[in-house]
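# Provided below are the primary sequence and the corresponding predicted coordinates.
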Amino acid sequence: MIRITEAVKHLLIINGLFFIATFLYEPQMMTWFALYFPKNENFRVWQIVTHMFMHGGFMHIAFNMFALWMFGSPVEQSLGKNRFLFLYFSAGLGAVLFQLGFYYFNYLPAYTDLIDSGLNQGQIIQMLTSNQSIGGLNGGQLQHLKEIYPIYNASMVGASGCIMGVLAAFGMMNPEARLMLIFLPIPIKAKYFIPGIILLDVISAISGQSFFSPGNTAYMAHVGGAFIGFVIMWYWKRNNYNNRRWD
């Protein structure tokens with residue numbers, strides 16, 4: 001039985017409290033604390049952090065908290081509490097950076113074309129908010145609106161980006177550890193398993209084809225969290241983190 005370490009325990013509790021509050025006050029909690037696209041009127045700067053404690057359903061939080069307990073505890077035991085929390089939240093911020101960057105990469109060209117076609121910002125925002133188009137739009141304008149509507153109205157929740165960073169750290173510490181998916185019970189070494197999961201997330205983000213996750217998963221958030229976790233661990237290992245623990 002893996003012992004639950006201090007930081008992991010407190011993260012589990014906070015996530016649980018947020019989930020209970022969301023269950024009791026779902027519309028308000030999602031509006032206030034889920035992460036919205038920055039162009040959306042519901043966006044608030046604190047959502048960059050609070051979305052890490054929000055979850056969309058029981059299976060969502062159950063899977064994430066199981067992964068946090070399983071991989072977070074051994075990583076915290078090795079790094080210490082303060083370094084672990086730095087890794088965890090840095091990965092969460094990396095997830096935000098990658099996912100919003102991916103959104104903007106797809107949003108800005110279509111939005112610019114709509115402006116160039118003669119629509120103004122107010123008309124575009126009105127249509128994206130109401131999901132109703134104004135009269136006289138041509139096929140190209142309608143297609144661009146269709147492309148950016150899900151981005152403008154997207155909301156991101158979950159600790160997955162943070163946990164992908166922790167998973168990357170675990171893999172770098174234990175490259176020979178054998179891991180497997182629940183629905184694919186084949187043991188695979190961490191040094192192959194984790195890069196494989198990240199590659200599937202990249203393919204899913206680009207193609208829109210989901211392999212193991214729900215179709216509304218923020219795939220680039222997973223990639224961003226894992227990338228930041230890898231970079232931090234690479235730096236710490238290079239500088240001998242075991243001899244320079246923060247706590």
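Nice, I can see it.
# Flag the shaky bits of this structure, pLDDT-wise.
Along the chain, the parts satisfying pLDDT under 70 run over 1-2, 180-185, 209-216, 241-247.
# Pretty sure Tyr88 sits against Gly72.
Yes. Taking contacts as Cβ atoms under 8 Å, Tyr88 lies within contact range of Gly72: 7.5 Å. All C-beta spots, glycine's among them, are computed from the backbone N, C-alpha and C.
# Among the two, which residue is more densely surrounded?
When neighbours are counted by other Cβ atoms under 10 Å, Tyr88 and Gly72 differ, and Gly72 comes out ahead with 29 against 26.
# Roughly how far does that one sit from Leu119?
Note on Gly72: its distance to Leu119, by Cβ to Cβ, to the nearest Å, is 47 Å.
# and what of Phe71?
Relative to Leu119, Phe71 is positioned 47 Å away (criterion: Cβ to Cβ).
# what helix or strand is Val8 on?
Counting by DSSP states H and E, the element that carries Val8 is helix 6-24.
# Now the element after that helix, going C-ward?
The first helix or strand that comes after helix 6-24 along the chain, using DSSP H and E, is helix 26-33.
# just how off-centre is that next one within its chain?
Between the mean C-alpha location of helix 26-33 and the chain-wide mean there is a distance of 18 Å, by Cα atoms, centre = their mean, to the nearest Å.
# for Ala34, what are its contacts?
Ala34 makes contacts with 47, 50-51, 54, 155-157, as judged by Cβ atoms under 8 Å, 6 or more residues apart in numbering.
# what about 7 Å?
For Ala34, the contacting residues are 47, 51, 54, 155-157, taking Cβ atoms under 7 Å, 6 or more residues apart in numbering as the criterion.
# Which of these fall in strands?
Among the contacts of Ala34, the residues falling in strands (DSSP state E) are 155-156.
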